[in-house]
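1. with the sequence up front, the predicted model follows.
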Amino acid sequence: MPTSASSFAAAVWAILRKECRTEWRTRYGLNASLLFAITTLTSVSFAAGRLGDRADLLGALLWIVLLFASLASLHHGFVREVEGHTLTLLRLVASPAAIAVGKLLFNLAFLLVLELVTVPLFLVLMGAPPPAWGPFLAVLALGSLALASTSTLVGAIIAQTRGRAALFAGVSLPLLLPVVAAAVSGTRGQWQQGSIGSELKLLAGFTAAVLGASILLYDHLWND
Amino acid sequence: MILRGLLFAWIAAALAAGFLWAPIVPGLGPTTRVLYFHIPAAWITVVALAWSMLHSVLYLRRRRMDHDDHAAAAAELGLLFGIVATVSGSMWAKAVWHSYWNWDPRETSIFFLLLIYGAYLALRSSIENDERRARLSAAYSAVAFVTVPFLVFVVPRLYFSLHPDTVINARGKVDMDPRIQLAFLAMLVGFTGLFFWVLSLKVRLSRLERRRAERAAAW
């Protein structure tokens, strides 16, 4: 059905544009997350110093910074809808899956902006440029995809609870442990110039599994 | 009533057999006997998680509160047995490996399970509406179910294990003294019986509580 597919894409595109516009209007989410990421990065760098020759630590530190920054910010999408009482209206104009995909794309763009600032800063502060950019960026991209798809789904779940932001980090972390473990191991592997194929496959498989489960679950999340 | 008495007698007999009749493994000394508590508790931790996730998925399909009761009760019991397995394993590790905690793969995976249970129960406690709590926690459980296999693949790649494979070793054979094996299997059956008995109590309790709340609301 080409018409329904194109209307789905149109809905996703509209949601994405709406998210970007709302974010850009206040920028409080982006500002807060950037500040948070830079603060984490500063504390890590200040505490550990330059670690250019410690490939075993660099990967772990990089992903701790990225994990903290995303746990502090990626739940905004749905929480904002619930707090502004706009979710019901949104559901009138788009299907749950379209809303979810739109929010996921927004979270990905958000994470990209965050990483554009954090990652170069991390590499400079640590004095450790990656030996080859291809594998480094591949791990970063797949890891971010896994991070964003999981946090979007958990964000949709916790938006309807009382704890919300406080609950988000604790509830996301158990699901994200395999992602962090694989991403850290992959990042370390590329710094040591080893093979990282299995880590990339694992991250891609994880993302595919979570996205598949999300599509099945989003319909169940809001039907009260 | 008879079943409950039988269960107690069974566990008591298995314990007595484990301590008085079965020998100890030469390399491990008296710490052998942790296996009668530790492995059954770890087994129940996994069974409870599977049971909880199964009923979460069933809830999403059928929307019957019974399934939610099962999922919640299994998660609470799973956390309890998981703590028993972790603490007993940690004490054993101190005796044999001279360290309470070393991020051995088995330690990592049980820690991961405890985190999932904790997050699931924290999520439940933060939602007041019964139906919404059931729906959202079932959805969370279903996602967790999808991510668990990945940890099973990641962990062995990253860490080297010192954990003894007493039951099923690399050759896939049972490699135990037959007397230890008998006492151990009896404890495994006993723990499984204990789990399902307490589970049925908890499920009946939450069913009664819901009925009472409905009656109070009808007044």
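-> Great, that's in hand.

2. for the helix ranked longest in chain B, packing partners?
-> For chain B, the helix that runs over the most residues, judged by DSSP state H, is helix B:178-218. Other elements packing on helix B:178-218 under the criterion 3 or more Cβ pairs under 8 Å, 6 or more residues apart in numbering or on different chains; DSSP states H and E are helix B:2-16, helix B:35-62, helix B:65-96. Bear in mind the C-beta positions are built from the backbone N, C-alpha and C, glycine included.

3. okay, which residue is most central for chain B?
-> Centroid-nearest residue in chain B, with Cα atoms, centre = their mean: B:Thr45, separated by 1.4 Å.

4. contact residues of chain B facing chain A?
-> Chain B has residues B:60, B:112, B:115-116, B:118-119, B:122-123, B:126-129, B:131-132, B:135-136, B:138-140, B:142-144, B:146-147, B:150-151, B:153-155, B:157-158 near chain A, with proximity defined as Cβ under 8 Å from any Cβ of the partner chain.

5. among the residues you listed, which are in helices?
-> Using DSSP H, the members of these that fall in helices are B:60, B:112, B:115-116, B:118-119, B:122-123, B:131-132, B:135-136, B:138-140, B:142-144, B:146-147, B:150-151, B:153-155, B:157-158.

6. what's the helix or strand of chain B with the lowest mean pLDDT packed up against?
-> Across the helices and strands of chain B, the lowest-confidence element by mean pLDDT, DSSP states H and E is helix B:130-158, at a mean of 81. Contacting helix B:130-158 under the criterion 3+ Cβ pairs under 8 Å, 6+ apart are the following elements: helix A:133-158, helix A:165-191, helix A:197-221, helix B:35-62, helix B:65-96, helix B:105-125.

7. pull out the buried positions in stretch B:134-153.
-> The neighbour-count criterion (16 or more other Cβ atoms under 10 Å in any protein chain shown) identifies B:134-148, B:150-151 as the buried residues of stretch B:134-153.

8. and B:His55, how close does it get to B:Arg106?
-> Using Cβ to Cβ, to the nearest Å, one gets 26 Å for the distance from B:His55 to B:Arg106.

9. other SSEs contacting the helix ranked longest in chain A?
-> With residue count as the measure and DSSP H as the assignment, chain A has helix A:96-126 as its longest helix. Counting contacts by 3+ Cβ pairs under 8 Å, 6+ apart, the secondary-structure elements packed against helix A:96-126 are helix A:2-26, helix A:28-48, helix A:55-73, helix A:76-83, helix A:133-158, helix A:197-221.

10. run the contact check for the shortest one versus chain B.
-> Put plainly, it is helix A:76-83. No: with Cβ under 8 Å from any Cβ as the measure, helix A:76-83 is seen stopping short of chain B, the closest distance being 11.9 Å.

11. give me the below-cutoff pLDDT ranges for the chain.
-> All of this is about chain A. Scanning chain A with the threshold set as pLDDT under 70 gives A:1-3, A:223-224.

12. let me rephrase: I mean chain B.
-> Scanning chain B for pLDDT under 70 picks out B:152-175.

13. got the residues of chain A near chain B?
-> A:150, A:153-154, A:157-158, A:160-163, A:167, A:170-171, A:173-175, A:177-178, A:181-182, A:185, A:198, A:202, A:205-206, A:209-210, A:212-214, A:216-217, A:220-221, A:223-224.

14. for PyMOL, what selects the buried ones among the residues you listed?
-> Of the residues of chain A next to chain B, the buried ones go into a single PyMOL selection, burial set by 16+ other Cβ under 10 Å:
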select buried, chain A and resi 150+153+154+157+158+160+161+167+170+171+173+174+175+177+178+181+182+185+202+205+206+209+210+213+214+217+220+221
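
15. turn the helices and strands packed on helix B:130-158 into a markdown table, including distance to A:Leu123.
-> Written out in a markdown table, the entries for the helices and strands packed on helix B:130-158 read as follows (distance: least, Cβ to Cβ, whole Å):
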| stretch | distance to A:Leu123 |
| --- | --- |
| helix A:133-158 | 9 |
| helix A:165-191 | 11 |
| helix A:197-221 | 20 |
| helix B:35-62 | 40 |
| helix B:65-96 | 38 |
| helix B:105-125 | 29 |
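
16. what's the angle between the longest helix of chain B and helix B:2-16?
-> 140 degrees (axes from the mean of the first three to the mean of the last three Cα atoms, to 10 degrees).

17. mind checking how far helix B:178-218 is from the chain centre?
-> Here helix B:178-218 shows a centroid-to-chain-centroid distance of 12 Å under the convention Cα atoms, centre = their mean, to the nearest Å.
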